[in-house]
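A.B. asks: I would like to see how this sequence folds:
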Amino acid sequence: MNRTYTIGELAELAGVSAKTLRVYERKGLLLPERNAGNQYRIYTEAAVRKLEQIQLMKYLGFSLEQIEAFLFRHESSGREEMLRTQKRLLEKKRAQLDSVIACVERAVAECRKGAVEDETFLHNLGSIVKNQRSDELVGRLGMHSDEPRGWSEFIFDRAQLRAGMQVLDAGAGYGNLWRYNLHRLPKKLHVTCVDQHNTHADGFCEYVKEREASEELAVGQISFLWEDLEVRKSSEQYHCIFFNHVASFIKERVKLYRQFRDSLLPGGTFICTWGGLLINENAAAVLNGFLDDTAPLAARQKKFASTIRQYETELHEVFERVERQDYVTTLRFTTAEDYMDYLLQVCKPVEAELEERREEFLTYLRGLKDADGGYTFVRDTYLYRCEGEV
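C.D. replies: Numbers count the residues shown, from 1 in each chain. Have a look, this model is predicted:
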């Protein structure tokens, strides 16, 4: 005679809560029988085996909807693709965990430097998170375009650097501007990179030492100052100052811009950059056909447009001549999964809803496939070439 279990007994046997079993029941995944006398739930050995199958697929990260499709609608023809999709999802989650761990490790390193006020610590922590998210986005750009090489070469070309120049890279970070243009550095041009010790800048410093050792770079042509830009005091003069995607990390930008302006030699150039508006506009255009409520995206676009106007106003307040040049990047995605992962990263206000409707969203994106069998997304970046004193 097959044994039967009460809801409490099955919950204890399986190591789950009775509430979880009730959720499975409401979803139609695990339907108990009923005691004829008191209508209490009764679970058979068949139910135990079904629960084991559900738990197995839950462990692998499948949603309840996916489990229902597999176990009850017998959609077995797409098993391999389902598993491949799940693998990509798990790899993404692993990457997210690695990203969070990296942020925590950097925060630990900050703590070791000594006690700081709460506001300063939170500001530093925010900078760490921004850097990490920026890394993740740059990584995705590199997978689906010529970035960050194309952008680094674009900036380098606009700077019109010449032999003998003194150059300041304020907030050099990973040093892509120099990594991708190392072979193009004019002779006797000297670059001073200013940043605080962090994974990016320290890694770039090691890269420079390696290039010096291999004689690909003249010793001392790129040097480092480990300082906070906002408290740094310097009387050095430069022909060109780069401020590449750093503005959002600075509290008092106008004050810092004036310091940069005063540090320019006659005829010198200040080059400042940040992301453009196309990324939000085009993301909203894609999602307008899927989401019922796109107000969060519209609010984000409005806020970002206001921020850019503010940034531009600040530059005009300090420099006599401010010229903007737009750099357009075209990303090419071969699968709907890759396209979706990118959109999730750039659409944070609606990320939770998109994740919740993941399978439905994938189906929607597959319907947007172009004639070449892929997906294209266009974004832009702004470069400001500034000269002179107001």
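A.B. asks: Which positions in the one helix or strand residue 223 maps to come out as buried?
C.D. replies: If you go by DSSP states H and E, residue 223 is part of strand 222-226. Neighbour-count burial for strand 222-226 flags 222, 224 (criterion: 16 or more other CB atoms under 10 Å). Every C-beta, even on glycine, is put in place using the N, C-alpha and C of the backbone.
A.B. asks: C-terminal to it, which secondary structure element comes first?
C.D. replies: Going down the chain from strand 222-226, the next helix or strand is strand 238-244, by DSSP H and E.
A.B. asks: other SSEs contacting that next one?
C.D. replies: Packing partners of strand 238-244 (3 or more CB pairs under 8 Å, 6 or more residues apart in numbering; DSSP states H and E): helix 149-159, strand 166-170, strand 264-275.
A.B. asks: Most tightly packed of these?
C.D. replies: Burial of these is given as mean neighbour count (mean count of other CB atoms under 10 Å); strand 166-170 ranks first at a mean of 23.
A.B. asks: how distant is the strand holding residue 223 from the center of its chain?
C.D. replies: Taking CA atoms, centre = their mean, to the nearest Å, one finds the center of strand 222-226 at 27 Å from the center of the full chain.
A.B. asks: now swap in stretch 23-36 and tell me
C.D. replies: 42 Å.
A.B. asks: same check, this time on stretch 59-70
C.D. replies: Per CA atoms, centre = their mean, the centroid offset for stretch 59-70 relative to its chain is 27 Å.
A.B. asks: buried set for that stretch?
C.D. replies: Buried residues in stretch 59-70 (16+ other CB under 10 Å): 62, 63, 64, 66, 67, 68, 69, 70.
A.B. asks: helix, strand or coil for the last one?
C.D. replies: Under the three-state scheme (DSSP: H, G, I helix; E, B strand; the rest coil), the conformation of residue 70 reads as helix.
A.B. asks: how close does it sit to residue 56?
C.D. replies: Using CB to CB, to the nearest Å, residue 70 is found at 11 Å from residue 56.
A.B. asks: Please identify which of the helices and strands packed on strand 238-244 is closest to residue 338.
C.D. replies: Of all the helices and strands packed on strand 238-244, it is helix 149-159 that lies closest to residue 338, at 19.2 Å by CB to CB.
A.B. asks: Next, the contact list for residue 13, please.
C.D. replies: 5, 48 (CB atoms under 8 Å, 6 or more residues apart in numbering).
A.B. asks: That one belongs to a helix?
C.D. replies: Yes: with three-state DSSP as the criterion, residue 13 is located in a helix.
A.B. asks: sorry, back to before: would you turn the buried residues of stretch 59-70 into JSON lines with distance to residue 180 and pLDDT?
C.D. replies: Listed next are these as JSON lines, based on distance: CB to CB, whole Å; pLDDT from 0 to 100:
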{"residue": "62", "distance to residue 180": "41", "pLDDT": "76"}
{"residue": "63", "distance to residue 180": "41", "pLDDT": "78"}
{"residue": "64", "distance to residue 180": "46", "pLDDT": "79"}
{"residue": "66", "distance to residue 180": "42", "pLDDT": "76"}
{"residue": "67", "distance to residue 180": "46", "pLDDT": "80"}
{"residue": "68", "distance to residue 180": "49", "pLDDT": "80"}
{"residue": "69", "distance to residue 180": "46", "pLDDT": "75"}
{"residue": "70", "distance to residue 180": "46", "pLDDT": "75"}
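A.B. asks: Please look at residue 354 and residue 346 and confirm they touch.
C.D. replies: No: with contacts defined as CB atoms under 8 Å, residue 354 does not count as touching residue 346, sitting 11.1 Å away.
A.B. asks: For residue 204, which of the helices and strands packed on strand 238-244 is the nearest?
C.D. replies: strand 166-170 (9.7 Å).
A.B. asks: Which strands and helices lie in contact with whichever helix or strand comes after the closest one?
C.D. replies: Once strand 166-170 ends, the next helix or strand along the chain (criterion: DSSP H and E) is helix 176-179. With contacts defined as 3+ CB pairs under 8 Å, 6+ apart, helix 176-179 has these neighbours: helix 149-159, helix 199-213.
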